[in-house]
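> quick one: sequence and predicted model below, then my questions.
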Amino acid sequence: MKYSSFLFLSLLLLCQCSNTPQIPQTVAFDGNLLNYSFQQIKNGNADFTDAYQQLLIDAEECLTEGPYTVISKSKTPPSGNKHDYMSMGPYWWSNPETPDGLPYIRRDGERNPERLLITDREYLRKLTNAVETLGLAYYFSKEEKYAEHAALLLRAWFLDEATLMNPHLNYGQGVPGITDGRPYGLIETSAFVGMLDGVRLLESSNLWTNDDNNALKAWFTKFFEWKHTSAIGIAERSTLNNHGTWYDAQSIAIALYIGKDDIAKQIASEQSAARLR
């Protein structure tokens, strides 16, 4: 992810941030730090402006990319619907002992390049990185071109009927000959955490409208419901490693975005706290 420029800004914040208005209501990024960085850039602090210029370089690159869609993949999910997100487990390989290569066998630590033929995972990574970067660039520069392109990317992936992703991961990290989808696929949407901060930073732009934002919240409401009621989602929630941690991080970020603050607090205080014991 293109965090390097902004993290450099954050690491410079060794003093207490001023409690000024217009603090961004971000989750992964501290809104106070964002606001303080904005003021330092505005005042010409070279320690901040150098990193800011690199952020703009990254954002300009994002302007040349996309839009990305789930319907661009050449393979079709088991449902027959290309609007369904699909990916393949990374460590699974064709079985040399069977004529058709099925069922696939696990080779731990060896990533099968065949998985790259399904483009959803890579396109989702590019989308989330771009929206986060463009949101930051818009916040600091107020240049509408960054908000405009971020809005284009978001509409193509989540909102436009012709290209949108259906709000579930039933076919994430499938394994040929074994299963159409696995709970592990949910880690592939962990970047929603940073992406939603990018969305929040777009909300002051007229190019990301209230209708857009409400439609995106409706999408994430459906995704949140699937995540917390489906067999795949429930199984991923029960994992004890980094998958469970990222499950919680996504749940909290999404809950806060869609206005379920009480649920976010409950997840953090009960579910996430228990993982630390």
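Done, it's in. Numbering: from 1, shown residues only.

> so where's this protein uncertain?
1-21, 277 (pLDDT under 70).

> could I get the full set of strands for it?
For the chain, the strands defined by DSSP state E occupy 86-88, 92-93, 105-106, 171-174.

> flag every buried residue along the last one.
Going by neighbour count (16 or more other C-beta atoms under 10 Å), the buried part of strand 171-174 is Tyr171, Gly172, Gln173, Gly174. Placement of C-beta: from N, CA and C, glycine included.

> may I ask which two of those residues are separated the most?
Greatest spatial distance among these (C-beta to C-beta): Tyr171 and Gln173, at 8.5 Å.

> anything in contact with each of these two?
Residues touching both Tyr171 and Gln173 (C-beta atoms under 8 Å, 6 or more residues apart in numbering) are Ser87, Gly181, Gly185.

> measure the first one to Thr239 for me?
Applying C-beta to C-beta, to the nearest Å, one obtains 17 Å for the distance of Ser87 from Thr239.

> okay, the two: which has more neighbours?
Ser87 (24 against 17; other C-beta atoms under 10 Å).

> circling back: export the buried residues of strand 171-174 to JSON lines and tack on distance to Val131?
Supplementary listing: the buried residues of strand 171-174 in JSON lines, determined by distance: C-beta to C-beta, whole Å:
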{"residue": "Tyr171", "distance to Val131": "23"}
{"residue": "Gly172", "distance to Val131": "20"}
{"residue": "Gln173", "distance to Val131": "23"}
{"residue": "Gly174", "distance to Val131": "26"}
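
> related to what we said a few turns ago, so can I have a markdown table of the shared contacts of Tyr171 and Gln173 showing distance to Asp108?
Listed next are the shared contacts of Tyr171 and Gln173 as a markdown table, based on distance: C-beta to C-beta, whole Å:
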| residue | distance to Asp108 |
| --- | --- |
| Ser87 | 18 |
| Gly181 | 20 |
| Gly185 | 18 |
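
> pick the one among those residues closest to Gly80.
Within the shared contacts of Tyr171 and Gln173, the smallest distance to Gly80 is 14.4 Å, found for Gly181 (C-beta to C-beta).

> which residue packs closest to that closest one, ignoring adjacent ones?
Tyr171 (4.3 Å; C-beta to C-beta, 6 or more residues apart in numbering).

> if we can go back for a sec, which one of the buried residues of strand 171-174 is nearest His243?
His243 lies nearest to Gln173 out of these, by C-beta to C-beta, at 10.6 Å.

> and that closest one, how far from Asp262?
Taking C-beta to C-beta, one finds Gln173 at 31 Å from Asp262.

> mind listing what's buried in stretch 197-216?
For stretch 197-216, using 16+ other C-beta under 10 Å, the buried residues are 197-202, 205, 207-208, 212-213, 215-216.

> contacting residues around it?
With C-beta under 8 Å, 6+ apart, stretch 197-216 has contacts from 24-29, 34, 131-136, 138-139, 144, 147-148, 150-151, 154-155, 158-159, 257.

> 6 Å instead?
For stretch 197-216, the external contacting residues (C-beta atoms under 6 Å, 6 or more residues apart in numbering) are 25-29, 131-132, 135, 139, 144, 147-148, 150-151, 158-159.

> nearest to Arg107 among those?
Distances from Arg107 to the contacts of stretch 197-216, taken by C-beta to C-beta, are shortest for Glu132, at 33.0 Å.

> columns distance to Gly44 on top of the strands of the chain, output as CSV?
Below are those laid out as CSV (distance: least, C-beta to C-beta, whole Å):
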stretch, distance to Gly44
strand 86-88, 45
strand 92-93, 53
strand 105-106, 55
strand 171-174, 46
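
> what does the longest helix along the chain rub up against?
Looking across the chain with DSSP state H, the single longest helix is helix 120-141. The contact list for helix 120-141 (C-beta under 6 Å, 6+ apart) reads 1-2, 6, 38, 52, 55-56, 58-59, 62, 68, 70, 73, 85-87, 146-147, 149-150, 153, 157, 188, 191, 194-195, 198, 201-202.

> gap between that helix and the chain center?
Distance, stretch centre to chain centre, for helix 120-141: 9 Å (C-alpha atoms, centre = their mean, to the nearest Å).

> can you list the buried residues in that helix?
For helix 120-141, by 16+ other C-beta under 10 Å, it's 120-121, 123-124, 126-141.
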